[in-house]
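In: With the sequence up front, the predicted model follows.
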Amino acid sequence: MARRRHLSPEEADLWRTVARTARPLHSHPIHLPDPPAAAPEPPPLAHAKPRLSPFLLGEKHRKPERHDLAPTLPELLGQAPLRMDAGTHARMTRGKLQPEARIDLHGMTLGEAHPELIHFILNAHSAGLRLVLVITGKGKRRDDSGPIPQRMGALRHQVPHWLHLSPLGPAVLQVSEAHLKHGGGGAYYVYLRRR
């Protein structure tokens with residue numbers, strides 16, 4: 001059953017105006033609903049915060065506000081829980097420990113680098129090595145030479161994820177950014193578990 005539609009205030013006023021001019025056929029009065037009370041006015045809207053801060057003519061340049069949604073890669077690695085000896089970790093991050101092996105993925109595509117990394121880490125783990133260096137490069141330009149264009153920094157962001165996934169995850173104890181003398185932001189220390 002359809003719901004009954006009520007007259008809007010404008011329609012009720014129009015009906016009353018027409019009903020006053022018409023001659024009734026019956027003597028009983030027609031009952032019209034009372035007009036509803038006027039709705040209270042809504043409070044005035046508050047002005048939204050402007051996207052840009054006010055700028056006065058002649059004012060010096062101010063640094064824009066940064067709105068980082070995700071932490072940077074070094075921050076993420078720094079926030080990871082420490083799963084190795086704190087003293088060894090401190091010596092490693094200061095560059096005092098010498099990596100026992102290294103792999104340079106610099107210039108490889110993601111498809112080429114992933115199997116190379118798996119092969120290298122699993123071989124190093126089976127050989128009983130503890131600290132290895134994975135060089136990815138910092139990646140500030142694009143590589144459009146291949147069939148699929150990709151950012152050169154993709155390796156730098158992808159390698160820590162690969163190191164925590166299977167089959168490498170069970171062999172890796174800790175991943176941290178390398179010291180400046182071993183490559184800085186373009187390389188990672190990978191501390192392996194004991195066999």
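Out: Looks like it arrived, so ask away.
In: Next, please give the residue ranges for the helices of this protein.
Out: Along the chain, the segments classed as helices by DSSP state H run 9-21, 73-79, 86-93, 110-126, 154-164.
In: Okay, strands next: where are they in the protein?
Out: Using DSSP state E, the strands of the chain run over 101-104, 131-135, 142-143, 150-151, 172-177, 187-192.
In: Give me whichever of those is most buried.
Out: strand 187-192 (a mean of 24; mean count of other Cβ atoms under 10 Å). In short, each C-beta sits where N, CA and C put it, glycine included.
In: Just list what that strand packs against, helices and strands only.
Out: Here strand 187-192 touches helix 86-93, helix 110-126, strand 131-135, helix 154-164, strand 172-177, going by 3 or more Cβ pairs under 8 Å, 6 or more residues apart in numbering; DSSP states H and E.
In: So, low pLDDT: which residues of the protein?
Out: Scanning the chain for pLDDT under 70 picks out the ranges 1-2, 29-36, 65, 67-68, 140-152.
In: What distance do you get for the residue nearest the centre of it to Leu76?
Out: Closest to where the C-alpha atoms of the chain average out (Cα atoms, centre = their mean) is Ala70, at 4.7 Å. Separation of Ala70 from Leu76 (Cβ to Cβ, to the nearest Å): 8 Å.
In: any idea how far the residue sitting furthest away from the middle of the chain lies from Gln98?
Out: Computed with Cα atoms, centre = their mean, the residue of the chain farthest from its C-alpha average is Ser27, at 74.6 Å. Applying Cβ to Cβ, the value for Ser27 to Gln98 is 111 Å.
In: List the contacts of Gly87.
Out: Contacts for Gly87 (Cβ atoms under 8 Å, 6 or more residues apart in numbering) come out as none.
In: Distance check, it against Arg4.
Out: According to Cβ to Cβ, Gly87 stands 81 Å off from Arg4.
In: ok, now Pro170?
Out: For Pro170, the distance to Arg4 (Cβ to Cβ) stands at 70 Å.
In: Which one's more surrounded, the two?
Out: Pro170 (9 against 5; other Cβ atoms under 10 Å).
In: For the closest residue to that one other than its chain neighbours, grab the count of nearby residues.
Out: Distances taken as Cβ to Cβ, 6 or more residues apart in numbering place Arg193 nearest to Pro170, at 7.4 Å, with adjacent residues excluded. Neighbours of Arg193 under the rule other Cβ under 10 Å: 13.
In: My guess is Arg193 contacts Gln174. True?
Out: No. Look at Arg193 against Gln174 with Cβ atoms under 8 Å: they stay out of range, at 9.4 Å.
In: Now do the shared contacts for these two.
Out: Common neighbours of Arg193 and Gln174 (Cβ under 8 Å, 6+ apart) do not exist.
In: what sits against Ser126?
Out: Contact analysis of Ser126 by Cβ under 8 Å, 6+ apart lists Arg195.
In: repeat for Lys138
Out: Lys138 neighbours (Cβ under 8 Å, 6+ apart): Gly153, Arg156, Gly185, Gly186.
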